[in-house]
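**Student:** Just need the structure, nothing else, for what follows:
(chains A and B)
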Number of protein chains: 2
Amino acid sequence: METVLEPFWQRFLPAIDDEIQSILASDDDDYRLYYGMMAYHLGWVDESFRPRQERAGKRIRPLICLLICDAAGGEWQQALPAAAAIELLHNFSLIHDDIEDDSVTRRGRTTVWTLWGIPQAINAGDSMFALAYHALTRLSQTLIPAPSVAQIWQIFTEACIRLTKGQHLDMLFEGQDDVSVEAYLKMIGGKTAALLAATAEIGAIVGGANRETQLHCEAYGRNVGLAFQAYDDILGVWGDEEKTGKSTASDILARKKTLPILYAMGQSSELRAHLARPEIDVERVVQLMDSAGAKDFALETARQYSDAAVAHLEAAQPAGEAGAALRHLTAELIRRRS
Amino acid sequence: METVLEPFWQRFLPAIDDEIQSILASDDDDYRLYYGMMAYHLGWVDESFRPRQERAGKRIRPLICLLICDAAGGEWQQALPAAAAIELLHNFSLIHDDIEDDSVTRRGRTTVWTLWGIPQAINAGDSMFALAYHALTRLSQTLIPAPSVAQIWQIFTEACIRLTKGQHLDMLFEGQDDVSVEAYLKMIGGKTAALLAATAEIGAIVGGANRETQLHCEAYGRNVGLAFQAYDDILGVWGDEEKTGKSTASDILARKKTLPILYAMGQSSELRAHLARPEIDVERVVQLMDSAGAKDFALETARQYSDAAVAHLEAAQPAGEAGAALRHLTAELIRRRS
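**Tutor:** Predicted coordinates for the structure are as follows:
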């Protein structure tokens, strides 16, 4: 698998980080911490702002954006401003998520708010949000026609709103006992799928695809996001720690409201009672979920999204090596891992 | 004074709030709290989301935007999307400021984070930021030429970045003992002046003014912001509570680092020692500030900004009743209040 993706990664990843880095560049010493916190979050520097050799995060969204542009017959370099904007938007949301979820670490590193305090971390997220839009302004320096640039601004902005709506529902549901599967899917539709949908649609627009293909790409991105989350939720209950890095039943212990757990709660009052106890008997909870058919339901849901993603990708007819790479990446992201 | 401004306020204020309200409108009950928190912050509803009769905030920025558009010979209605975007951006920054500053009340009302918690309030600010950009997308439905729309997006985005930079410096300075007057002016240049500068420049662009006039308007807005802050800082030390609503020496008691206080600290080591004490002798501090010439310095600084604002406004040659209203509003905002 690596052989198909590797050449693209080698070309795209440094270009993406260069594009983002040029947006965060400043020689004004007064803003050393301002830009430093963002560079830290992106993994370029450590907490003393000394350079690190690795980035933080996999840059999946900008990679998909560039691959789709390329596979639609466009020049991937033209999509770099949009790809950078998408990655910055994603990372702005992570900086704020970490505060909102009280998370001390992300990707094995201390979170921004833990190091520099909540007030500065809120503002670091806001700054990255603003700089995401700054990245987008560079689209006007490309060869992309003005109406397409306007369309991208609109799609990007719509994705920002959906992202905040998804995050809102996610936090709201934490305090609710009766969250339906439908409401959960609406939530991840905003929190996980909206930005991937915009990513793929924007890649197609920059690539010069027609409107029908753009919409297939949008649906592809959306379904990839939903399928990815559904499989991730399955791993959170039935995953094998050695294979997946997720400890078995970690979501049950964390009392997360994920797809299979919400489904099972809707089926079994005994399960609801078990989950309400101060100490959770994980083995019993998994048994109850299994007999409620929660794994089958979640797998079936994930498969439907996964199949829809593949169908829309094929309908978009991604061409050449970039097309092959997209198919491989999609399989990697939403392969049936359980 | 009221006679010149009143007809404009009666026309503009409902139009501005209608424009913003149409952006925040939703009949999806799942997002009742999402939109409710924003409507609460803007003053349209109380904390149970029952309608209130007054707005919160004076809508100064959108009013200036519309007045400048009108005074440049444009149709003020065309500027409504931009005016709404500017007001939403300003209010996003206030929602986050209140968290960052640990402020329990604003405009005599409980702040969003105090009512709904920090996580939801961070996200409410983010949502308002995204919706500000959504407001801007409506510019493409106006008669404004596409290149001007692109220019407005750019100016707006630049203002967003400057706002976050100013906020960053403001929080950074709180923990520093040796903040220079120069650094302070840089901070308020971002925190207070950048959005007013963008407001006025955008109003001129929509009004169809030439580039020279646009730049005079930008400089007008920037200097209004700086002058306003400088006078506000003077009131924070020497203001008369009955006249201004600011209690005498309130900034000294709050240990704020404002223009006259920073100037005086740079002049007098005795003052620095006084301000470092656990209990502040306000009378003695004011005496030391007076003999350091801090009031004269701050007044002179404020006057320079104020004069520059008026000079740039006149150079922009604002026409008609809107021009007269702008002159009056400017005098109200930056009149020599001490």
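
**Student:** Could you use CA atoms for every contact and neighbour count after this?
**Tutor:** Noted.

**Student:** Tell me if A:D30 really is in a helix.
**Tutor:** Yes: counting by DSSP: H, G, I helix; E, B strand; the rest coil, A:D30 is located in a helix.

**Student:** If you drop the residues flanking it in sequence, what lies closest to it?
**Tutor:** Nearest residue to A:D30 in three dimensions, chain neighbours excluded: B:L169, at 7.9 Å (C-alpha to C-alpha, 6 or more residues apart in numbering or on different chains).

**Student:** For chain A, what lies in contact range of chain B?
**Tutor:** Contact residues, chain A versus chain B (C-alpha under 8 Å from any C-alpha of the partner chain): A:30-31, A:34, A:96, A:99-101, A:118-120, A:122-124, A:126-127, A:130-131, A:133-134, A:137, A:153-154, A:157-158, A:160-161, A:164-165, A:167-169, A:171.

**Student:** try it again with 6 Å
**Tutor:** A:E100, A:P119, A:S127, A:A130, A:C160, A:I161, A:T164 (C-alpha under 6 Å from any C-alpha of the partner chain).

**Student:** neighbour-wise, which of those residues leads?
**Tutor:** In terms of neighbour count, A:C160 stands highest of the residues of chain A next to chain B at 29 neighbours, by other C-alpha atoms under 10 Å in any protein chain shown.

**Student:** which residues touch it?
**Tutor:** Neighbouring residues of A:C160 by C-alpha atoms under 6 Å, 6 or more residues apart in numbering or on different chains: B:A130.

**Student:** Flag every buried residue along the one helix or strand it maps to.
**Tutor:** Per DSSP states H and E: A:C160 is located in helix A:146-174. For helix A:146-174, the neighbour count (16 or more other C-alpha atoms under 10 Å in any protein chain shown) marks A:149-150, A:152-171, A:173 as buried.

**Student:** which stretches of the stretch 1-150 of chain A have low pLDDT?
**Tutor:** A:1-2 (pLDDT under 70).

**Student:** what ranges do the helices span in it?
**Tutor:** A:2-23, A:32-42, A:60-71, A:80-100, A:112-116, A:118-137, A:146-174 (DSSP state H, counting those that start in this stretch).

**Student:** try the stretch 201-338 of chain A
**Tutor:** A:211-238, A:241-244, A:250-253, A:259-267, A:269-276, A:282-291, A:294-315, A:320-334.

**Student:** And the pLDDT for the nearest residue to A:L288 once chain neighbours are set aside?
**Tutor:** Excluding its sequence neighbours, the residue lying closest to A:L288 (C-alpha to C-alpha, 6+ apart) is A:L271, at 6.3 Å. If you check A:L271, the pLDDT there is 93.

**Student:** now the most centrally placed residue in chain A, what's its secondary structure?
**Tutor:** With distances taken as C-alpha atoms, centre = their mean, A:T192 lies nearest the centre of chain A, 5.4 Å away. Under three-state DSSP, the three-state class of A:T192 is helix.

**Student:** Tally up the residues packed near A:I86, please.
**Tutor:** By the other C-alpha under 10 Å criterion, the neighbourhood of A:I86 contains 29 residues.

**Student:** Would you mind measuring from it to B:R327?
**Tutor:** Counting by C-alpha to C-alpha, to the nearest Å, the gap from A:I86 to B:R327 is 43 Å.

**Student:** Per-residue pLDDT of A:E279, please?
**Tutor:** Reported pLDDT for A:E279: 91.

**Student:** For the residue of chain A most remote from its centre, which non-adjacent residue is spatially closest?
**Tutor:** Ranking residues of chain A by C-alpha distance from their mean position (C-alpha atoms, centre = their mean) puts A:E270 at the top, at 34.0 Å. What sits nearest to A:E270 in space, not counting adjacent residues and going by C-alpha to C-alpha, 6+ apart, is A:L288, at 7.9 Å.

**Student:** ok, now A:E174?
**Tutor:** Per C-alpha to C-alpha, 6+ apart, closest to A:E174 is A:K257, 7.6 Å.

**Student:** average pLDDT for stretch A:305-313?
**Tutor:** Mean predicted confidence for stretch A:305-313 is 97.

**Student:** who touches A:G323 in this structure?
**Tutor:** Contacts of A:G323 (C-alpha under 6 Å, 6+ apart): A:A71.

**Student:** Now with 10 Å, please.
**Tutor:** Shown in contact with A:G323 (C-alpha atoms under 10 Å, 6 or more residues apart in numbering or on different chains): A:L67, A:I68, A:C69, A:D70, A:A71, A:A72, A:G73, A:L313, A:E314, A:A316, A:Q317, A:L329.

**Student:** Give me the buried subset of the residues you listed.
**Tutor:** Counted by 16+ other C-alpha under 10 Å, the contacts of A:G323 give A:L67, A:I68, A:C69, A:D70, A:A71, A:A72, A:G73, A:L313, A:E314, A:A316, A:L329 as buried.

**Student:** if I look at the second one, how far off is A:E314?
**Tutor:** Spatial separation of A:I68 from A:E314 under the definition C-alpha to C-alpha is 12 Å.

**Student:** Tell me which two in the buried ones among the contacts of A:G323 are the farthest apart.
**Tutor:** Largest separation among these by C-alpha to C-alpha: A:G73 and A:L329, giving 18.4 Å.

**Student:** what's the spacing between A:R59 and A:L42?
**Tutor:** Counting by C-alpha to C-alpha - A:R59 and A:L42 are separated by 10 Å.

**Student:** Can you pull the residues that touch both of those two?
**Tutor:** A:D17, A:E87, A:N91.

**Student:** I'd say the second one and A:R61 touch.
**Tutor:** The reference is to A:E87. Yes: using C-alpha atoms under 10 Å, A:E87 makes contact with A:R61 at a distance of 6.6 Å.

**Student:** Please say which of those two ends up with more neighbours.
**Tutor:** The neighbour count for A:E87 versus A:R61, taken as other C-alpha under 10 Å, is higher for A:E87 (26 against 21).

**Student:** how about the nearest residue to the more buried one, chain neighbours excluded?
**Tutor:** Per C-alpha to C-alpha, 6+ apart, closest to A:E87 is A:P62, 6.1 Å.

**Student:** residue contacts, that neighbour?
**Tutor:** Contacts of A:P62 by C-alpha under 10 Å, 6+ apart are A:12-13, A:16-17, A:68, A:79-88, A:196, A:199-200, A:203.
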